[in-house]
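K.L.:
starting from these lines, generate the structure:
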Amino acid sequence: MSTTESATRRKDPARKERIARAAIAVVAERGIEKLTHRAVAAAADVPLGSTTYYFRTLDDLLAEALRHSAQDDVAELRAWAAAIDAGAELATALGDLVLRYLGPERTRTVVQHELYIAALHRPALAHVSTEWDAALVELFTFYTDPVTGRALSAVFCGLLLQGIVRESVPSRDEIETTFRRVLLPVGNR
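P.N.:
Residues are numbered from 1 along each chain as shown. Sure, this is the predicted structure:
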């Protein structure tokens with residue numbers, strides 16, 4: 001590595017993150033199968049060598065992109081949770097959240113699912129997907145118990161996946177009814 005290249009890298013401490021976030025943008029625009037180091041370098045406005053310096057393989061790059069996507073999502077979910085009115089019904093609040101993810105944030109939701117599902121064929125991504133799942137369960141468990149938290153997480157993820165695949169978004173009533181059913185005490189089901 002030349003002295004100039006080394007000095008430039010020190011002046012750009014956010015380069016690695018910018019590259020990972022550019023990978024998310026490339027996946028949003030082209031899909032995972034068209035992700036290349038070259039496309040990411042162009043999107044991040046960095047030399048091609050920077051992408052391969054920080055991420056030797058595309059799996060390394062995808063893992064970091066997934067990590068950033070998961071961290072962003074968990075931070076946003078925690079902010080959503082903190083903003084829930086104490087008197088609000090959880091099923092209604094969850095319905096609002098699902099409709100936001102399938103409405104104005106649909107593109108981001110599609111990208112997140114593409115990155116998450118990539119773990120099926122890329123074992124290097126599995127641990128990041130698992131960490132994301134655990135954070136979601138932890139968030140929902142805060143409002144319920146561990147079993148119900150896991151069930152809410154599964155329903156939430158299932159509704160999002162179905163919602164991005166279906167031609168029409170599920171209705172608010174359909175979403176809230178599903179969450180209410182999960183939230184019913186065991187004896188009332």
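K.L.:
domain assignment for the chain?
P.N.:
According to automatic domain parsing, the chain comprises the domains 1-56, 66-188.
K.L.:
could you save those as TSV and add columns showing mean pLDDT and mean neighbour count?
P.N.:
Quick note: C-beta positions are derived from backbone N, CA and C, even for glycine. Output for the domains of the chain, formatted as TSV (pLDDT from 0 to 100; neighbours: other CB atoms under 10 Å):
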stretch	mean pLDDT	mean neighbour count
domain 1-56	85	16
domain 66-188	89	16
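K.L.:
how far does stretch 161-169 stretch from start to finish?
P.N.:
End-to-end distance of stretch 161-169 (CA to CA, to the nearest Å): 11 Å.
K.L.:
what lies in contact with it?
P.N.:
Identification of contacts with stretch 161-169 by CB atoms under 8 Å, 6 or more residues apart in numbering yields 98, 99, 101, 102, 103, 106, 109, 110, 113, 170.
K.L.:
restricted to helices, list these.
P.N.:
98, 99, 101, 102, 106, 109, 110, 113 (DSSP state H).
K.L.:
so which of those comes closest to residue 30?
P.N.:
Closest approach to residue 30 among the ones in helices among the contacts of stretch 161-169 (CB to CB): residue 110, at 12.3 Å.
K.L.:
relative to residue 88, how far out is the closest residue to that closest one other than its chain neighbours?
P.N.:
Nearest non-adjacent residue to residue 110, counting by CB to CB, 6 or more residues apart in numbering: residue 164, 5.2 Å away. From residue 164 over to residue 88 the distance is 26 Å, taken as CB to CB, to the nearest Å.
K.L.:
again with residue 131
P.N.:
28 Å.
K.L.:
before we move on, what about residue 166?
P.N.:
Taken as CB to CB, the span from residue 166 to residue 88 is 27 Å.
K.L.:
same check on residue 47?
P.N.:
Residue 47 sits 49 Å away from residue 88, taking CB to CB as the criterion.
K.L.:
repeat that for residue 154.
P.N.:
Residue 154 is 22 Å from residue 88, by CB to CB.
K.L.:
same question, residue 170
P.N.:
20 Å.
K.L.:
can you check residue 125 too?
P.N.:
Residue 125 sits 35 Å away from residue 88, going by CB to CB.
K.L.:
please apply the same query to residue 50.
P.N.:
46 Å.
K.L.:
same deal with residue 165?
P.N.:
In this view, residue 165 and residue 88 are 29 Å apart by CB to CB.
K.L.:
over to residue 40?
P.N.:
For residue 40, the distance to residue 88 equals 41 Å [CB to CB].
K.L.:
now residue 36
P.N.:
Residue 36 sits 45 Å away from residue 88, going by CB to CB.
K.L.:
now do the longest helix along the chain: which elements does it pack against?
P.N.:
Secondary structure assigned by DSSP H gives helix 58-83 as the longest helix of the chain. Contacts defined by 3 or more CB pairs under 8 Å, 6 or more residues apart in numbering; DSSP states H and E place helix 58-83 against helix 15-30, helix 37-44, helix 90-102, helix 106-117, helix 123-141.
K.L.:
no further questions, thank you.
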